[in-house]
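Participant: Here is my input; please provide its structure:
(2 chains)
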Amino acid sequence: MFGIITPSGLHFERHHQGWWDIDPSNHRLMINGLVKAAKVYTMDDLMRLPQVSRIHFIECGANTGMEWAKVAVPTVQYTHGMLSCSEFTGVLLSTLLDDCGIDLKKARVILAEGADGSSMTRTISLDRALDDVIVAWGQNGEMLRPENGYPLRLVVPGVQGVSWVKYLRRIEVGDMPYATKDESVHYIDLMPDGQHRQYSSIQEVKSVITSPSGGQVMLENGFYNVSGLAWSGRGRIKRVDVSFDGGNNWRSADLTSIVLPKALTRFNIGWQWDGKPAMLQSRAIDETGQIQPDSRALRAVRGTKSIYHNNSIQTWQVRESGEVFNVQL
Amino acid sequence: MSSFDRLHRIRIILGAILIASCSASLLAATPNKTTHVDFGVGRPATPAEIKAWDIDVRPDFKGLPKGSGSVSLGQDVWEGKCASCHGTFAESNEVFTPLVGGTTADDIKTGHTRALATGSAPQRTTIMKVATLSTLWDYINRAMPWTAPKSLTTDEVYGVLAFLLNLAEIVPADFVLSDQNIAEVQKRMPNRNGMTTAHGLWDVKGKPDVNGSNCMHNCRATVAVSSQLPEVARNAHGNIAEQNRSFGAIRGADTSRPAGAVALVAATKTEAPKPVTGSELFGKNSCLSCHAKASKLVGPSWEQIATRYKDSTGAEDKLVAKVKSGGAGVWGNIPMPAHAHVSENDIRQMVKLILSGAR
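Facilitator: Reported below is the predicted structural model:
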């Protein structure tokens, strides 16, 4: 992948009860709960409303989840592959909630529900729902594809993919979280003391070098353009540093793409490979000042059994043969 | 008023206009901040629609329908509709991770699944993790069985949940679970106190709990590998060479061979173009409208020609003549036209390239 946009045909997929092909003329979105008037919108209705097009990343909460305790998989596709970035088009959820007369005195959360087999549900905090959440039908200039939720999905910028409910059919405004299956049995982060963090949602500042990366081979010595991606669920990427000696010394990379909030950002940096072993790392810093931690710092707080929200620094070891390996320090 | 004053006043007015237009465009960029507009789209949801779709049950059991189901009713449903995926005792690890196991009578007392802290259970089952009984009722009701979601009656949902709770030794074998007693059973959930929301990963402005270092130089005294890919995993996802582009200075490693064998793959490196390349000649003389390197188009591919004439003596002269004056019949019915306009030197170079493997 080059740049920051994931071609829709290469978008990662995770389904919670099936892959549905819905006739948009039969699709409806209901908004009910703590609103003045529960309403139903057809696609015809929704597509008349004021719309936005925004570029955001979507990352599975379990991306890099295999690597909490030790190295488990060979390439960046398996360590970081449940990540995509697209331009989404739709109506802001805040527009719809306003249209239904949301009761802002009582409302604390919303519940988003899909039209898949399980009517999959997720709770989203109200401050987020009113901030930048989009009820989207467009992706990268075309309608959503069925595997991405056609004809309607929720876009929850900065938050793990499971909350981006596909085949979206209902929004309920409530005054307490719903503890649905995917926020009570899965997508909960096990801490070293045996407690689970519930409703952990934000995908924190993270980056990875995509070229060269695990499983690849550098054909010969000399100049290389080292390239990677950085992102943060808390805002824009401010800086990315790259190390070629396992984190002992760092140089700041060029941010060569447009830098948008809660979107992938492409970084590049030149490197003369002298043919000797090297350890490549990247470290992102976002506009809130949060710095991507190494795995030791992350494990010191969160242990090794969390599965979710692993945003630690990735190390790629380049051997004299030119082959690149996934390692941890 | 002096001309300076007038100019100054104009500047102030212009500035005010600029500020006004800036804030207008800011508002336009954030439609969520605009005031309420009555769009007149959408229609009221009917009570029947809301009843059909609004089936969620919250931790305080708001939304739970009246009903009841016994452990034995649940067992009947279980054996017919659930056991094939989850196992007779909800212990199966075949399709999904086990639902039951790993909790103790002591956990029911404390509300903490102790095995989560000690790591003593081989796997984390659903009942070890889930804190809220409503979660299980809601999910069985909306999503199960996998092949026919929402096909269970309300009483069957109560029964299946009672059966699971009995397997987990939370309720006795003669128990009947109902909307009346479910709140009491909640108080016996083994991990009911096992969840925390004390973290910064929920609110938009939640505070991070881990931060990295921004050290730039001499940050680590030692750099040592603590974990690397097991040799068995190197090729566990297929040959990575085939998952990467076949050109460019960075390729996929040939993981069908041992790691040590992958030297600098100089042999596979694309050679720099020669002063006059074959592809230039093929292009210049319009050969590529009928031929390609590897696949048969109108005429045979370079590779097919190279293979056919591999061991034949005098092939070069023969083919030069054929290109010049045309031919037919060797590769099928479509004739090769004569190419009298192409210089013999070009033809000979191209034939040499084809016979040498069309590199």
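Participant: Which stretches in the stretch 51-200 of chain B count as helices?
Facilitator: B:71-81, B:83-86, B:105-110, B:114-118, B:126-129, B:133-143, B:154-167, B:182-186 (DSSP state H, counting those that start in this stretch).
Participant: Would you mind giving those as a markdown table with distance to chain A added?
Facilitator: C-betas here are computed from N, CA, C, even on glycine. As requested, those are arranged in a markdown table below (distance: least, Cβ to the nearest Cβ, whole Å):
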| stretch | distance to chain A |
| --- | --- |
| helix B:71-81 | 14 |
| helix B:83-86 | 13 |
| helix B:105-110 | 11 |
| helix B:114-118 | 3 |
| helix B:126-129 | 5 |
| helix B:133-143 | 3 |
| helix B:154-167 | 13 |
| helix B:182-186 | 11 |
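Participant: I'd like the ones you listed laid out as CSV, including mean neighbour count and mean pLDDT.
Facilitator: Output for the helices of the stretch 51-200 of chain B, formatted as CSV (neighbours: other Cβ atoms under 10 Å in any protein chain shown; pLDDT from 0 to 100):
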stretch, mean neighbour count, mean pLDDT
helix B:71-81, 19, 98
helix B:83-86, 18, 95
helix B:105-110, 14, 98
helix B:114-118, 18, 96
helix B:126-129, 24, 98
helix B:133-143, 24, 98
helix B:154-167, 24, 98
helix B:182-186, 15, 98
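Participant: got TSV for those helices, with distance to B:Ser246 too?
Facilitator: Formatted as TSV, the helices of the stretch 51-200 of chain B follow (distance: least, Cβ to Cβ, whole Å):
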stretch	distance to B:Ser246
helix B:71-81	50
helix B:83-86	42
helix B:105-110	56
helix B:114-118	48
helix B:126-129	46
helix B:133-143	44
helix B:154-167	53
helix B:182-186	59
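Participant: and A:Ala115, which of the ones you listed is closest to it?
Facilitator: helix B:133-143 (11.7 Å; Cβ to Cβ).
Participant: Helix B:154-167 and that closest one, what's the angle between them?
Facilitator: 130 degrees (axes from the mean of the first three to the mean of the last three Cα atoms, to 10 degrees).
Participant: Of the helices of the stretch 51-200 of chain B, which is nearest A:Gln272?
Facilitator: Per Cβ to Cβ, nearest to A:Gln272 of these: helix B:114-118, 49.1 Å.
Participant: Tell me which residues are up against the closest one.
Facilitator: Residues outside helix B:114-118 that contact it (Cβ atoms under 8 Å, 6 or more residues apart in numbering or on different chains) are A:190, A:192-196, B:102-104, B:106-107, B:120-121, B:124, B:128-129, B:191, B:194.
Participant: Also stretch A:270-282?
Facilitator: Against stretch A:270-282 from outside (Cβ under 8 Å, 6+ apart): A:207-209, A:212, A:218, A:221-226, A:228, A:230, A:240-247, A:253, A:267, A:313-320, A:324, A:327, A:329, B:223.
Participant: Buried ones in it, by neighbour count?
Facilitator: For stretch A:270-282, a neighbour-count test (16 or more other Cβ atoms under 10 Å in any protein chain shown) marks A:271, A:273, A:278-282 as buried.
Participant: out of those, who's nearest B:Met216?
Facilitator: Using Cβ to Cβ, those come closest to B:Met216 at A:Gln281, 12.9 Å.
Participant: can you tell me how far that closest one sits from B:Asn345?
Facilitator: Distance, A:Gln281 to B:Asn345, using Cβ to Cβ, to the nearest Å: 55 Å.
Participant: what's the answer for A:Asn326, then?
Facilitator: In terms of Cβ to Cβ, A:Asn326 sits 53 Å off from B:Asn345.
Participant: what residues go with each domain of the chain?
Facilitator: Just so you know, I chose chain A. Per automatic domain parsing, the structural domains of chain A span A:8-192, A:206-327.
Participant: hmm, I had chain B in mind actually
Facilitator: B:53-186, B:239-267, B:278-355.
Participant: Just give me the lowest mean pLDDT stretch among those domains.
Facilitator: For these, mean pLDDT drops lowest on domain B:239-267, to a mean of 79.
Participant: and the residue of chain A nearest chain B?
Facilitator: A:Gly194 (2.9 Å; Cβ to the nearest Cβ).
Participant: Now that residue. Nearest residue, chain neighbours left out?
Facilitator: B:Ala117 (2.9 Å; Cβ to Cβ, 6 or more residues apart in numbering or on different chains).
Participant: coming back round to it: list buried residues within the contacts of stretch A:270-282.
Facilitator: A:207-209, A:212, A:218, A:224, A:226, A:228, A:230, A:240-244, A:246-247, A:253, A:267, A:313-319, A:324, A:327, A:329.
Participant: what pairs with the residue nearest the centre of chain A across the strands?
Facilitator: By Cα atoms, centre = their mean, chain A has its centre lying nearest to A:Glu59, at 2.3 Å. Bridge pairing for A:Glu59 (DSSP bridges) gives the partners A:Leu83.
Participant: give me every residue that touches it.
Facilitator: Taking Cβ under 8 Å, 6+ apart, one finds A:82-83, A:160-161, A:203, A:206, A:231, A:233 in contact with A:Glu59.
Participant: And these, which is closest to B:Leu64?
Facilitator: Using Cβ to Cβ, those come closest to B:Leu64 at A:Gln160, 28.1 Å.
Participant: Look up how far A:Asn148 lies from that closest one.
Facilitator: 16 Å.
Participant: One more: A:Arg251?
Facilitator: In terms of Cβ to Cβ, A:Arg251 sits 37 Å off from A:Asn148.
Participant: just A:Phe223 next, same as before
Facilitator: Counting by Cβ to Cβ, the gap from A:Phe223 to A:Asn148 is 38 Å.
Participant: Same check on A:Arg283?
Facilitator: 31 Å.
Participant: So for those two, which sits in the more crowded spot?
Facilitator: The residue with more neighbours, out of A:Arg283 and A:Asn148, is A:Arg283; 27 against 22, by other Cβ atoms under 10 Å in any protein chain shown.
Participant: Please report the distance of the closest residue to B:Gly327 other than its chain neighbours from chain A.
Facilitator: Computed as Cβ to Cβ, 6+ apart, the closest residue to B:Gly327 that is not its neighbour in sequence is B:Met336, at 5.1 Å. With distances taken as Cβ to the nearest Cβ, to the nearest Å, B:Met336 is found 39 Å from chain A.
Participant: Look up phi and psi at B:Met336.
Facilitator: Main-chain torsions, B:Met336, degrees, to the nearest 10: phi -90, psi 120.
Participant: From A:Lys39, how far off is it?
Facilitator: For B:Met336 relative to A:Lys39 (Cβ to Cβ), the value is 71 Å.
Participant: Now do the strands in chain B.
Facilitator: B:43-44, B:68-70, B:176-178, B:195-196, B:227-228, B:250-252 (DSSP state E).
Participant: So A:Val327 belongs to a strand, correct?
Facilitator: Yes - counting by DSSP: H, G, I helix; E, B strand; the rest coil, A:Val327 falls inside a strand.
Participant: mind listing what it touches?
Facilitator: A:Val327 neighbours (Cβ under 8 Å, 6+ apart): A:71, A:279, A:315-317, B:225, B:227-229.
Participant: What's opposite it in the beta bridge?
Facilitator: The partner residues for A:Val327, given DSSP bridges, come to A:Thr315, B:Gln228.
Participant: Can you say which of the domains of chain B is packed in most?
Facilitator: domain B:53-186 (a mean of 19; mean count of other Cβ atoms under 10 Å in any protein chain shown).
Participant: Rebuild the domains of chain A as a markdown table, extending it with mean pLDDT.
Facilitator: Output for the domains of chain A, formatted as a markdown table (pLDDT from 0 to 100):
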| stretch | mean pLDDT |
| --- | --- |
| domain A:8-192 | 97 |
| domain A:206-327 | 97 |
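Participant: Mind putting those domains into JSON lines with distance to B:Gly329?
Facilitator: Formatted as JSON lines, these follow (distance: least, Cβ to Cβ, whole Å):
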{"stretch": "domain A:8-192", "distance to B:Gly329": "44"}
{"stretch": "domain A:206-327", "distance to B:Gly329": "44"}
